[in-house]
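1. Predicted model and sequence below, questions to follow.
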Amino acid sequence: MAETTVKMTKKDWYELIKGIVAESEAEQKAEMIDFIDAQLDQLAKKAEKAKERAGKVKEEGDELRELVASLLTEEFQTADALTAQIEGEGITKAKVTARLTQLVKAGVAMKEVMKAEDGRKVMHYRAV
């Protein structure tokens with residue numbers, strides 16, 4: 001069985017270095033510890049902001065997913081047709097298709113490959 005190693009994070013490295021510096025007899029020991037503490041604070045702030053951004057993105061995604069779900073009918077529609085029904089900046093076919101995939105996985109929608117008028121095979125979606 002292969003042994004797995006845990007990757008050390010920046011926080012882990014700074015904590016390790018802080019411990020080494022604290023036990024050392026360095027002339028600038030206090031300044032080094034202050035620097036390390038400042039770096040740890042910056043990492044904590046960065047992580048907090050990342051969580052906030054992720055929460056906002058998730059909420060926006062939920063709104064778009066609900067909107068896409070509300071547009072689904074018993075009739076099959078393409079992602080292009082659904083995208084055309086949604087107004088707003090930043091709404092792309094890729095975002096709509098991603099939400100449709102989420103809805104299919106959740107069992108709210110179903111998808112089926114059908115031939116378009118021009119003979120291409122296109123994915124169509126409808127409500128379950």
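-> It's in. Numbering: from 1, shown residues only.
2. Only C-alpha atoms from now on, for both contacts and neighbour counts.
-> Will do.
3. and the residue lying closest to residue 92 once chain neighbours are set aside, what are its phi and psi?
-> Spatial nearest neighbour of residue 92, excluding adjacent residues (C-alpha to C-alpha, 6 or more residues apart in numbering): residue 83 at 6.9 Å. Listed backbone geometry of residue 83 is phi -60, psi -40, with angles given as degrees, to the nearest 10.
4. For the longest helix seen in the chain, which helices and strands make contact with it?
-> In the chain, ranked by residue count with DSSP state H as the criterion, the top helix is helix 29-71. Based on contacts counted as 3 or more C-alpha pairs under 8 Å, 6 or more residues apart in numbering; DSSP states H and E, the elements that helix 29-71 packs against are helix 10-23, helix 79-85, helix 93-106.
5. What's the mean pLDDT across that helix?
-> On average, the pLDDT along helix 29-71 is 88.
6. likewise stretch 119-128?
-> Mean predicted confidence for stretch 119-128 is 91.
7. With stretch 14-23 instead?
-> Mean pLDDT, taken over the full extent of stretch 14-23, equals 95.
8. That one: which residues count as buried?
-> Across stretch 14-23, burial judged by 16 or more other C-alpha atoms under 10 Å covers 14, 15, 18, 21.
9. I'd like those residues as TSV, with distance to residue 37 appended.
-> Formatted as TSV, those follow (distance: C-alpha to C-alpha, whole Å):
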residue	distance to residue 37
14	8
15	9
18	8
21	12
